[in-house]
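Participant: Quick one, what's the 3D model for this:
(chains A and B)
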Amino acid sequence: MNLNPMHLDILKELGNIGAGNAATSLSQLLNQRVDMSVPEVKLLKLRDVPYLLGGPEIPVVGITVLVEGDGEGQILLLFTKSSSEKLVKNIMVGLSQGEIDEEMKLSVLLEVGNIVSSTFLNALASFTSMKFIPTVPASASDMAGALLDTVLTVDTTENDTIITVFTDFIVQGEMIEGYLVFVPSPLALNKIFNSLGVSL
Amino acid sequence: MNRVVVGIGEWSILKLNGVLVCLGLGSCVGIALYDANKKIGGLVHVLLPASQNNDNSNPTKFADTGIPFLLDEMLRLGANRQSIIAKIAGGSQMFNIRGREDKMNIGLRNVEVVKDTLKKLEVPLLGEDTGGSFGRTMEFFVSNGIVKVKTIGRGEREL
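Facilitator: From the prediction side, this is the model:
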């Protein structure tokens, strides 16, 4: 894939808008201020992707949606195990720890994934005038590398590099390490650039 | 001891001793090939079942091209074709999205193609820990051919 600095700037701007909206929606859900770092858009070697979050064996909770419509791709939202606990606690205010069971935690996290990925895609859609439809979300709790495998399979070509847009969220009071990884398929990426009048 | 981490789409070969490792395998499959007489071990970490075109710029990203590639490299380093055996791990389905099973069960297809490819190459499969919905770390000890599979909360297995 031949991406020049302008292509990367455009992707960074897309990531910025998308993640900004996602942070706002998370903020409304939590009723707390949510900050995010400037999204990074990276062309990563496949082998380096699992190291984004501190290594392939780090235990994490992941929520994913497949992206369909005018452009295909996948979004994966990852939280470290302890951050996912904090996030649930912040949303389920008024309930004691004992009252929150695993099933409840899971459905809260699925809803977070749903809201964050939908707002991310809405922003992307209005920027590009393309239609992006997320599937229902799915969640899993395991090694970071194992969960990241799934998004890497979006690019079935011989490319050894993959484009990721990722950002982290900081919820006021408590640091919640969350990462949003968006991987568009090569075809979707082409369409995104075309929609903006830029050729690849 | 020499410990080599084999990343996604990569391969490595060690002789006599050392450990070859795939960290956090999800739908990916780690394929260990071993010549016990010469103590030559190779490990390849594939992401997808089959390459779609003939551009072989990255053969070890795919099961169908990655296994023959590793086999050739081992023969070049002196391994004996007849004594090579295989052990595999990985190929799980980490997420389950209703109505999108085709897209989510890539691990299953990876394992199928790995087995087909080994069969075609007449390399006996002597051990496997595949499938399910959990991640695995695979350690391949070249001194004795043992493969250890580690998980989060599901213990450890030896192949």
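Participant: and the residue of chain A found nearest chain B, how many neighbours does it have?
Facilitator: Closest residue of chain A to chain B, C-beta to the nearest C-beta: A:Gly145 (2.3 Å). (Each C-beta comes from the backbone N, C-alpha and C, glycine too.) A:Gly145: 28 surrounding residues under other C-beta atoms under 10 Å in any protein chain shown.
Participant: That one contacts B:Gly24, correct?
Facilitator: Yes. Between A:Gly145 and B:Gly24 there is a contact at 2.3 Å, judged by C-beta atoms under 8 Å.
Participant: For the residue nearest to B:Thr117 when sequence neighbours are not counted, which three-state class applies?
Facilitator: In space, and not counting its chain neighbours, B:Thr117 is closest to B:Ile67: 4.7 Å by C-beta to C-beta, 6 or more residues apart in numbering or on different chains. When classified by DSSP: H, G, I helix; E, B strand; the rest coil, B:Ile67 comes out as helix.
Participant: For B:Ile67, give me its contacts.
Facilitator: Residues in contact with B:Ile67, defined by C-beta atoms under 8 Å, 6 or more residues apart in numbering or on different chains, are B:Ile31, B:Leu33, B:Val44, B:Val46, B:Val114, B:Thr117, B:Leu118, B:Leu121, B:Val123.
Participant: what touches both of A:Gly145 and B:Gly24?
Facilitator: A:Pro50, A:Pro56, A:Glu57, B:Gly135.
Participant: May I see those organised as a markdown table, with distance to A:Tyr179, secondary structure and pLDDT added?
Facilitator: A markdown table is the format used below for the shared contacts of A:Gly145 and B:Gly24 (distance: C-beta to C-beta, whole Å; DSSP: H, G, I helix; E, B strand; the rest coil; pLDDT from 0 to 100):
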| residue | distance to A:Tyr179 | secondary structure | pLDDT |
| --- | --- | --- | --- |
| A:Pro50 | 12 | helix | 77 |
| A:Pro56 | 14 | coil | 91 |
| A:Glu57 | 16 | coil | 92 |
| B:Gly135 | 17 | coil | 96 |
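Participant: Pull out the buried members of those residues.
Facilitator: If you count burial by 16 or more other C-beta atoms under 10 Å in any protein chain shown, the buried members of these come out as A:Pro50, A:Pro56, A:Glu57, B:Gly135.
Participant: State the number of residues packed around A:Phe182.
Facilitator: Neighbours of A:Phe182 (other C-beta under 10 Å): 28.
Participant: Run me through the strand neighbours of the helix or strand containing it, direction for each.
Facilitator: A:Phe182 is part of strand A:178-184 when elements are defined by DSSP states H and E. Each strand that pairs with strand A:178-184, with its direction, by DSSP bridges: strand A:73-80 (antiparallel), strand A:161-171 (antiparallel).
Participant: Now do the helices in chain A.
Facilitator: For chain A, the helices defined by DSSP state H cover A:5-30, A:81-91, A:102-128, A:144-152, A:186-195.
Participant: ok, B:Ala63 to A:Lys12 distance?
Facilitator: 35 Å (C-beta to C-beta, to the nearest Å).
Participant: Which one of those two is surrounded by more residues?
Facilitator: B:Ala63 (29 against 16).
Participant: Isn't the more buried one up against B:Lys115?
Facilitator: No. Look at B:Ala63 against B:Lys115 with C-beta under 8 Å: they stay out of range, at 9.2 Å.
Participant: Which positions in stretch B:63-70 come out as buried?
Facilitator: Here stretch B:63-70 shows B:Ala63, B:Asp64, B:Thr65, B:Gly66, B:Ile67, B:Phe69, B:Leu70 as buried, counting by 16+ other C-beta under 10 Å.
Participant: quick one: contacts for B:Gly7?
Facilitator: Taking C-beta under 8 Å, 6+ apart as the contact definition, B:Gly7 lies against A:Lys45, A:Leu46, A:Arg47, A:Asp48, A:Pro50, B:His45.
Participant: Which one (most neighbours) among these?
Facilitator: In the contacts of B:Gly7, the most neighbours by other C-beta under 10 Å go to B:His45, 28 neighbours.
Participant: residue ranges with poor pLDDT in the chain?
Facilitator: You didn't pick a chain, so chain A it is. For chain A, the stretches with pLDDT under 70 are A:1-2, A:36-39, A:97, A:158-168, A:171-175, A:200.
Participant: Let me rephrase: I mean chain B.
Facilitator: Those would be B:53-56, if you go by pLDDT under 70 across chain B.
Participant: Please repeat the previous calculation with a cut-off of 90.
Facilitator: Chain B contains residues with pLDDT under 90 at B:1, B:51-58, B:96-105, B:153.
Participant: how about the helices in it?
Facilitator: Under DSSP H, chain B gives helices at B:63-76, B:101-104, B:106-120.
Participant: How many neighbouring residues does B:Val46 have?
Facilitator: Neighbours of B:Val46 (other C-beta under 10 Å): 33.
Participant: With B:Glu156 instead?
Facilitator: Neighbourhood size, B:Glu156 [other C-beta under 10 Å]: 10.
Participant: so what's it closest to, chain neighbours aside?
Facilitator: B:Lys150 (5.1 Å).
Participant: Now do the contacts for that neighbour.
Facilitator: If you count contacts by C-beta under 8 Å, 6+ apart, then B:Lys150 has B:Arg136, B:Thr137, B:Met138, B:Glu139, B:Glu156 around it.
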